[in-house]
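>>> sequence below, structure please.
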Amino acid sequence: MKTIPDFKSFNRDKTMEELEYNTKKWKNQIDFLQIDFVFLKSLIDSDIYNSGIINLFETLQLYKTEIQNVIIDCKEVLNKLISHEEHIKIYLECDDIDCDYFFIETHVKIEYNVELLVKKSNNLKTQIFEYIKSVIIK
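Numbering: from 1, shown residues only. So this is what the prediction gives:
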């Protein structure tokens, strides 16, 4: 698997329009992650597995728990993004340097949370895909 670079933010010089665009893009990305994990949960619940696999049920249950945790994380991040979108409108009316700094710092934290969730999700999806590939009935 490829190494994912460390998080770096490049938001300091972006326009408000760019920050707003990124926020909308992240919302879409998290929405798709939720769809992915709802599908994976239904795949895990299906009857396509070789019943002779040791610890099959236990492993699938662990994946279902991890999937549920990611879905919860997605909802939390989405709520932050929705709130952040509202703050963008308020920020547009702000001419204060402290306001700029606070907004950008908040944006960076949200960006970090999105990146972390995407990395975590991609790693989990890779594990699940590899496991399912090895235990399905062929």
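>>> the nearest residue to residue 75 once chain neighbours are set aside: what's it in contact with?
Leaving aside its sequence neighbours, residue 75 sits nearest to residue 34 (Cβ to Cβ, 6 or more residues apart in numbering; 7.8 Å). C-beta coordinates here come from the backbone N, C-alpha and C atoms, glycine included. For residue 34, the contacting residues are 71, 74-75, by Cβ atoms under 8 Å, 6 or more residues apart in numbering.
>>> which positions in the helix or strand hosting residue 129 come out as buried?
Assessed by DSSP states H and E, residue 129 sits inside helix 97-135. For helix 97-135, the neighbour count (16 or more other Cβ atoms under 10 Å) marks 103-104, 107-108, 110-111, 113-115, 117-118, 121, 124-125, 128, 131-132, 135 as buried.
>>> repeat for stretch 31-41
Result for stretch 31-41 [16+ other Cβ under 10 Å]: buried residues 33-34, 36-37, 40-41.
>>> surely residue 20 touches residue 88?
Yes. Using Cβ atoms under 8 Å, residue 20 is in contact with residue 88, at 5.1 Å.
>>> how far off centre is stretch 19-35?
Using Cα atoms, centre = their mean, to the nearest Å, the mean C-alpha position of stretch 19-35 is found 9 Å from that of the whole chain.
>>> can you tell me the average pLDDT over that stretch?
Averaged over stretch 19-35, pLDDT sits at 94.
>>> show me which positions of stretch 78-96 end up buried.
Within stretch 78-96, the residues scored as buried using 16+ other Cβ under 10 Å are 78, 80-81, 84, 87-88, 91.
>>> could you dump these to JSON lines with secondary structure and distance to residue 45?
Output for the buried residues of stretch 78-96, formatted as JSON lines (DSSP: H, G, I helix; E, B strand; the rest coil; distance: Cβ to Cβ, whole Å):
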{"residue": "78", "secondary structure": "helix", "distance to residue 45": "24"}
{"residue": "80", "secondary structure": "helix", "distance to residue 45": "30"}
{"residue": "81", "secondary structure": "helix", "distance to residue 45": "29"}
{"residue": "84", "secondary structure": "helix", "distance to residue 45": "34"}
{"residue": "87", "secondary structure": "helix", "distance to residue 45": "39"}
{"residue": "88", "secondary structure": "helix", "distance to residue 45": "39"}
{"residue": "91", "secondary structure": "helix", "distance to residue 45": "43"}
